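Chemist: Coordinates for the following, if possible.
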Amino acid sequence: MESRQPATPPRILIVDDSPKAHLLMEAMLRTHGYSDLTPVESAQQALAALGVQPDGEPCPVNFDLILMDLLMPEMDGLQACRRIKACPRLVDIPLIMVTAEDSAESLKEAFDAGAMDYVRKPVNRVELMARVKSALRLKQEMDCRKAREAELVVLTEKLQKLSTMDGLTGIANRRNFDDELARAWRRGQRESAPVALVLVDIDHFKSFNDHHGHLAGDDCLRRVAQVLARSVKRPFDLVARYGGEEFAVLLPDTAGAGAELLAEKLRREVEILNIANIHANAVRRVTISAGVAAAVPQPGSQPASLIAAADGCLYRAKREGRNRVVSMAEELSCV
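Modeler: Sure, this is the predicted structure:
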């Protein structure tokens, strides 16, 4: 007569206006190991136990099964079932209607209201336990499926994040940058809005690597990336590792003057890191050079023109002595 109990006893809500019916069903369920039982005497009390209230109070107990009497005063089982199934957080709780009605029409109404099964009165122990076990097995399967789906969503988000993130520095990778630049460029074309780009290169990085080793070089890249990312405040701006020791800062809705000010701030912040590079330059620390370009994209133009302009400015900054920002004299006319 005894059944194997799950690790966490299922919670069962018994709704019946008859104390005798409560005692009978409770006794049958407890005999088979179901101990977490909540009896209520009306549909209103059931809705309160489930948290189905006009003020939207959360459900205090997560029930696994509801046994609902069909015929009750004030609000019958059909009305209560409809209210319960109309609530998204309760829709997956299986509900078994307990009824003395056995007409095809009354049973159809019960199923239409959202009941998954029914038990006839007077309640037969064998029938009740078969229905309860079947309903709880279905609830367990639904819970497991929902848990797997939630895990899949989390895993998918993690994989998507990894696919757009640079593994060493933790900022956006080149693929992410290319996608975001194309998106910002299209938006700029639609709205005649400027798009600015800052290309950053760590000065004398090869000599740093040769003298301090690749582990120190990786740490340097990470620290510079963190400084760049912290210095960019707007949520739609993007800092990405462009390749090797180069970084790109994408600034939608930003004109050249604003981008140049930010680039100078980035240069100062990296210098303040005070990462020693004694074999490289006069300041004897790691510094960056930056090239800045901005454009209002025109129909038919390509973002490659912006990259080429910023890269040209970066080349000038390095040629003119490094540890400096070079910007276009005026915004590009990208036609």
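Chemist: going forward, measure contacts and count neighbours with C-alpha atoms only.
Modeler: OK.
Chemist: For Pro73, see how far away Ile275 is.
Modeler: Using Cα to Cα, to the nearest Å, Ile275 is found at 79 Å from Pro73.
Chemist: Does Glu26 touch Val40 like I think?
Modeler: No: with contact defined as Cα atoms under 8 Å, Glu26 does not reach Val40; the gap is 11.8 Å.
Chemist: re earlier: neighbour count for Ile275 and Pro73, which is higher?
Modeler: Ranked by neighbour count (other Cα atoms under 10 Å), Ile275 and Pro73 place Ile275 first, with 15 against 10.
Chemist: and the more buried one, how far is that from Gly217?
Modeler: With Cα to Cα as the criterion, Ile275 and Gly217 are 11 Å apart.
Chemist: Let me know the next secondary structure element after the helix or strand hosting Ala290.
Modeler: Taking DSSP states H and E as the definition, one finds Ala290 inside strand 288-295. For strand 288-295, the following helix or strand on the C-terminal side (DSSP H and E) is helix 304-319.
Chemist: And the average pLDDT for that following helix is what?
Modeler: Taken as a whole, helix 304-319 has a mean pLDDT of 96.
Chemist: now the angle from it to strand 288-295?
Modeler: Orientation of helix 304-319 against strand 288-295 (axes from the mean of the first three to the mean of the last three Cα atoms, to 10 degrees) gives an angle of 150 degrees.
Chemist: What is the helix or strand that helix 304-319 is followed by packed up against?
Modeler: Using DSSP H and E, the helix or strand that follows helix 304-319 in sequence is strand 325-327. Judged by 3 or more Cα pairs under 8 Å, 6 or more residues apart in numbering; DSSP states H and E, strand 325-327 is in contact with helix 256-273, strand 288-295, helix 304-319.
Chemist: about what we covered before: how far off centre is the strand holding Ala290?
Modeler: Relative to its chain's centre, strand 288-295 lies at 34 Å (Cα atoms, centre = their mean, to the nearest Å).
Chemist: how does the protein divide up, domain by domain?
Modeler: Annotated domains of the chain cover 11-157, 174-327 [automatic domain parsing].
Chemist: Figure out how far the first one is from the centre of its chain.
Modeler: In other words, domain 11-157. Worked out by Cα atoms, centre = their mean, domain 11-157 lies 32 Å from the chain centre.
Chemist: From one end of that domain to the other, what's the distance?
Modeler: 33 Å.
Chemist: Likewise for the last one?
Modeler: Taking Cα to Cα, the span from the opening residue of domain 174-327 to its closing residue is 22 Å.
Chemist: cool, and stretch 87-100?
Modeler: By Cα to Cα, the extent of stretch 87-100 from end to end equals 27 Å.
Chemist: do the same with stretch 113-131
Modeler: 18 Å.
Chemist: any idea of the mean pLDDT in it?
Modeler: For stretch 113-131, mean pLDDT is 91.
Chemist: now stretch 293-301
Modeler: Average pLDDT, stretch 293-301: 94.
Chemist: And it, end to end?
Modeler: Stretch 293-301 has an end-to-end distance of 15 Å (criterion: Cα to Cα).
Chemist: Then stretch 114-126?
Modeler: 24 Å.
Chemist: Next, the buried residues of that stretch.
Modeler: Across stretch 114-126, burial judged by 16 or more other Cα atoms under 10 Å covers Gly114, Ala115, Asp117, Tyr118, Val119, Val123.
Chemist: now stretch 289-301
Modeler: In terms of neighbour count (16+ other Cα under 10 Å), stretch 289-301 has its buried residues at Ser289, Ala290, Gly291, Val292, Ala293, Ala294, Ala295, Val296, Pro297, Gln298, Ser301.
Chemist: between those, which is closest to Val326?
Modeler: Gly291 (5.1 Å; Cα to Cα).
Chemist: if I pick the closest residue in space to the closest one that isn't next to it in sequence, what's in contact with it?
Modeler: With sequence-adjacent residues excluded and distances taken as Cα to Cα, 6 or more residues apart in numbering, Gly291 is closest to Leu314, at 3.8 Å. Shown in contact with Leu314 (Cα atoms under 8 Å, 6 or more residues apart in numbering): Leu199, Val200, Asp201, Ser289, Ala290, Gly291, Val292, Val325, Val326.
Chemist: where does the third one land on pLDDT?
Modeler: Read that as Asp201. Model confidence at Asp201 (pLDDT) stands at 97.
Chemist: try the last one
Modeler: Listed pLDDT for Val326 reads 96.
Chemist: Return the distance of Glu105 relative to Val15.
Modeler: Taking Cα to Cα, one finds Glu105 at 22 Å from Val15.
Chemist: neighbour-wise, which of these two wins?
Modeler: Taking other Cα under 10 Å, Glu105 and Val15 do not tie; Val15 has more neighbours (27 against 9).
Chemist: Find me the pLDDT at that one, would you?
Modeler: For Val15, pLDDT reads 94.
Chemist: With the one 10 residues further on instead?
Modeler: pLDDT recorded at Met25 is 92.
Chemist: Need the nearest residue in space to it, chain neighbours excluded.
Modeler: That would be Val123: by Cα to Cα, 6+ apart, it lies 7.8 Å from Met25.
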